[in-house]
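S.K.: everything below, folded, please.
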Amino acid sequence: MSETRTKGLTRRALLSRAVAAGALAVTGVGFVAAPDAAWAVQVTAISEHQMATLLQMARDIYPHDRIGDRYYAIAVKSYDTPDSAAMVAEGIAALDAAAQAVGHADYVSMGWEADRVAILRDMQDGAFFQTVRGGLVTGLYNQKEVWPIFGYEGESFSQGGYIDRGFDDIDWL
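M.R.: Here you go, the predicted structure:
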């Protein structure tokens, strides 16, 4: 039996990730936790479903297999505010409606990344998508814990600058 591969990811791995993302557990009022990891995020202004959807959306916008969900949760936690609640509710409702239009219960329950990305492409010019995408650039990539995953050594000014410290040490070229 041959396995279909999608960008280096086996069908089995893709399905297990989709199930894990869709099976974010609600561990009490206001908590979203991963069933296979030691992290949880508490929500106050948005619902658990909205946070789980934001988390899946973040993974679909900037997919990195080597970055754990907890870093994405940290990146989207900033939308759990009273000021953002209405925008998030409206955006998640639009995502869920688009998913329902193609036969799924909601955005998070869509098993294939390509199906979710198609929905995001249809929304990419909207304010909700652009706000979340823009916030992820700093919310995700400014976390010092993820820098080593990408091979980024951090700022160099405090260590003498790039000329004196690793300007030409690119080993991946």
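S.K.: the helices in this protein, which residues?
M.R.: With DSSP state H applied, the chain shows helices at 11-22, 48-61, 69-76, 82-101, 113-123, 127-141, 147-150, 161-164, listed in chain order.
S.K.: would you mind giving the ones you listed as a markdown table with distance to Q42, mean neighbour count and mean pLDDT added?
M.R.: Backbone N, C-alpha and C define where each C-beta goes, glycine included. What follows is those, written out as a markdown table (distance: least, CB to CB, whole Å; neighbours: other CB atoms under 10 Å; pLDDT from 0 to 100):
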| stretch | distance to Q42 | mean neighbour count | mean pLDDT |
| --- | --- | --- | --- |
| helix 11-22 | 19 | 15 | 53 |
| helix 48-61 | 9 | 23 | 96 |
| helix 69-76 | 10 | 22 | 94 |
| helix 82-101 | 15 | 16 | 97 |
| helix 113-123 | 25 | 16 | 96 |
| helix 127-141 | 17 | 16 | 96 |
| helix 147-150 | 25 | 12 | 90 |
| helix 161-164 | 40 | 11 | 69 |
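S.K.: out of these, nearest to V41?
M.R.: helix 69-76 (4.5 Å; CB to CB).
S.K.: against which helices or strands is that closest one packed?
M.R.: helix 48-61, helix 127-141 (3 or more CB pairs under 8 Å, 6 or more residues apart in numbering; DSSP states H and E).
S.K.: now distance to W112 too, for those helices, in JSON lines please.
M.R.: Below are the helices and strands packed on helix 69-76 laid out as JSON lines (distance: least, CB to CB, whole Å):
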{"stretch": "helix 48-61", "distance to W112": "11"}
{"stretch": "helix 127-141", "distance to W112": "19"}
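S.K.: could the helices of the chain be laid out in TSV, adding distance to Y107?
M.R.: Written out in TSV, the entries for the helices of the chain read as follows (distance: least, CB to CB, whole Å):
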stretch	distance to Y107
helix 11-22	10
helix 48-61	5
helix 69-76	14
helix 82-101	4
helix 113-123	6
helix 127-141	12
helix 147-150	26
helix 161-164	41
